[in-house]
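Participant: requesting a structural model of the entry that follows:
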Amino acid sequence: MNWCSVFPIYHPDLLPTTNSAHPSICKKILSTGKIKRHLVATTFTKSKYDSIDSLILIANQVQSKAKDITFRIYVGEDQECEISDFVDLGCEVAIMQSSEDHVLEEQIWPFFALEEDRLVTITHASRGELVLTDIERTESVAQAGLGGWRIPTNLSASENQIGYRPIDHRCFGSCRPIPIRHLLNSFIKDCKSGRFKPICQPPWGGELEIANSKWPETGFASWFLMAAVYPRMAAAGLISIIPHDAGKTMPFLPLDIEYCTWANSDAELILCEPAPTPPRVPKASNPKPWDDAEVGPFLHIRPNARVFRRERKKMGPMQKIYESLPHPEVLTFEEFQGDFRSWLLHCSQIKEGPEWWIDFNPILQPGKNGGDLFLDRCYDDADVVVCGSFLMRITDEMAAWARQYGIDDWNSDMILRVPKIEGPLTLWQADFGKNLLFEWDKSPAGIRLELLLKAKMQLNQAKVYETTAGRMGWSVR
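Facilitator: Numbers count the residues shown, from 1 in each chain. Here you go, the predicted structure:
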């Protein structure tokens, strides 16, 4: 028993169909004109699961962190009036002709990017900051000489249906062009006519219907990927990212893995570990003091810290207002004007300084339950705590510096995830910050502090934790 005998694999006509069974037509693409090596594609809808604000923040992160990446957003023609923010960020916007099946077609629109001969990452607004991880996965797969990556998933299905999907249609990556339009036109035509039947023949006997396999049904996009695209990606070599609970929830996964590794012997598996469960802590040493905080616009600062409220020159699209915090909180900060280097230098020159320095962004305000500035005791052994990270492309100069620093596996054009030291909040252990600044000043001009910190992390010379402003009770203005 193998995958091919259980699930149908779609083989289209050899010649492209003359009459399109799929009505999606791209009216125009608003583009900067420069073709970059990596294309990130998503769609924007008006559903309750999408937010234009979250998509703008994702697009801003991608455009600002990786210069050789194009962020393309597919929208319906009825949403053309809402794309100005995306265009201002330098994104490509593909305006698609709408039809009666518009809500269902928009799940498929990003797949059209797979026809282009470059790296392609398909993503979704719900991925949030994980979009940067998805991009890094595609880059890593390309460096390994494989064809793409995928995450298997399950769709909702009745007892008489199969909901297993080898590819989550909202997030995957491809390094090889795929003739999507020809496949899609033929696939929809053959599904409508009944020529291609969505029937599974499970190992235990009988027949079961593939869930969401009729056009137009919600979930048809993942059925198309399963039957028509997945076999072609598997032949090119896939990295499969397997959820930690897949053994309990995905009975068809063993057949899937056997097929994927048979299709290309270079295929690899990545087994995800479950998130660690934090140990229970007695009340007296509760590491989450905000849980016991009185509700209100209060501010909680660790007593051995010095907090600087530093103006930032770079503001995101939704962060255009410079305002003061409510007056009780403003009194707890030292105002500082200057860039990051000058601030760090100022801190290091304080003779009787505290144990910690906090760099605070004025775009934040305490949430409804107050705000905590790194009061959590689990941060006490950290050298630096940051809010977020970003991707950095390694240049020849950086790779040469890394070799001299004792790191041999940083190559030119490699993509690294580095800590975001100018995020909304940053906590620095004072002595570590002083020593790092001294070392940074002796480094070549092209070496950014984030890269130096990443190098020390890799050499186990720095303990850097990552958190979020929202986790500490803060909200963005």
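
Participant: quick one: Lys192 is in a strand?
Facilitator: No. When DSSP: H, G, I helix; E, B strand; the rest coil is applied, Lys192 is found to be helix, with no strand at that position.

Participant: could you measure it against Gly219, distance?
Facilitator: With the distance defined as Cβ to Cβ, to the nearest Å, Lys192 ends up 16 Å from Gly219. Where C-beta positions appear, they are placed from N, C-alpha and C, glycine not excepted.

Participant: and the two? which has more neighbours close in?
Facilitator: Gly219 (20 against 12; other Cβ atoms under 10 Å).

Participant: isn't the more buried one up against Pro198?
Facilitator: No. Gly219 lies out of contact with Pro198 (Cβ atoms under 8 Å); the separation is 11.4 Å.

Participant: list residues touching both of these two?
Facilitator: Contact with both Gly219 and Pro198 is made by no residue, according to Cβ atoms under 8 Å, 6 or more residues apart in numbering.

Participant: need the contact list for Asp190.
Facilitator: Neighbours of Asp190 in contact, by Cβ under 8 Å, 6+ apart: Tyr10, Pro12, Phe196.

Participant: go again using 6 Å as the cut-off
Facilitator: The neighbours of Asp190, taking Cβ atoms under 6 Å, 6 or more residues apart in numbering as the test, are Phe196.

Participant: try Pro444
Facilitator: With Cβ under 6 Å, 6+ apart, Pro444 has these contacts: Trp401.

Participant: that one in helix, strand or coil?
Facilitator: Relying on three-state DSSP, one would call Pro444 coil.

Participant: now do the one 3 residues further on
Facilitator: Ile447 falls in the coil class when you classify it by three-state DSSP.

Participant: show me what counts as buried in stretch 79-87.
Facilitator: Of the residues in stretch 79-87, Gln79, Ile83, Asp85, Phe86 count as buried by neighbour count, 16 or more other Cβ atoms under 10 Å.

Participant: now it - C-alpha only, PDB.
Facilitator: Output of stretch 79-87 as PDB, limited to C-alpha atoms (Å, rounded to 0.1, in the frame of the first residue of the first chain):
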ATOM      1  CA  GLN A  79     -10.700  46.500  -3.500                       C
ATOM      2  CA  GLU A  80      -8.600  48.600  -5.800                       C
ATOM      3  CA  CYS A  81      -9.400  51.700  -3.800                       C
ATOM      4  CA  GLU A  82      -7.700  50.100  -0.700                       C
ATOM      5  CA  ILE A  83      -4.200  49.400  -2.000                       C
ATOM      6  CA  SER A  84      -2.600  52.800  -1.600                       C
ATOM      7  CA  ASP A  85      -0.800  51.800   1.700                       C
ATOM      8  CA  PHE A  86       0.700  48.700   0.000                       C
ATOM      9  CA  VAL A  87       1.900  50.700  -3.000                       C
END
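
Participant: tell me the centre residue of the protein?
Facilitator: Residue closest to the average C-alpha location in the chain (Cα atoms, centre = their mean): Val131, at 1.6 Å.

Participant: which of the helices or strands spans that residue?
Facilitator: Assigned by DSSP states H and E, Val131 belongs to helix 130-143.

Participant: same for that helix, what does it pack against?
Facilitator: On a contact count with 3 or more Cβ pairs under 6 Å, 6 or more residues apart in numbering; DSSP states H and E, helix 130-143 meets strand 119-122.

Participant: in a strand, Val307, correct?
Facilitator: Yes. In this structure, Val307 lies within a strand as judged by three-state DSSP.

Participant: what's the pLDDT at the closest residue to it other than its chain neighbours?
Facilitator: What sits nearest to Val307 in space, not counting adjacent residues and going by Cβ to Cβ, 6 or more residues apart in numbering, is Ile358, at 4.4 Å. We have a pLDDT of 90 for Ile358.

Participant: repeat for Lys65
Facilitator: On the pLDDT scale, Lys65 is placed at 69.

Participant: and if you look at Asp101?
Facilitator: The pLDDT attached to Asp101 in the predicted structure is 51.

Participant: ok, Ala235 next?
Facilitator: For Ala235, the model assigns a pLDDT of 92.

Participant: correct me if wrong, but it is in a helix.
Facilitator: Yes. With three-state DSSP as the criterion, Ala235 is located in a helix.

Participant: Three-state assignment for Met392, please.
Facilitator: Taking three-state DSSP as the rule, one finds Met392 in the strand state.

Participant: residue contacts, it?
Facilitator: By Cβ under 6 Å, 6+ apart, the contact set of Met392 is Leu416, Val418.

Participant: neighbours around Phe432, how many?
Facilitator: Using other Cβ under 10 Å, Phe432 is surrounded by 18 other residues.

Participant: any weak-confidence spans in the chain?
Facilitator: Low-confidence segments of the chain (pLDDT under 70): 1, 13-33, 45-53, 65-66, 81, 98-104, 273-297, 312-332, 369, 476-477.

Participant: what's the closest non-adjacent residue to Glu334?
Facilitator: Nearest residue to Glu334, sequence neighbours excluded (Cβ to Cβ, 6+ apart): Phe308, at 5.1 Å.
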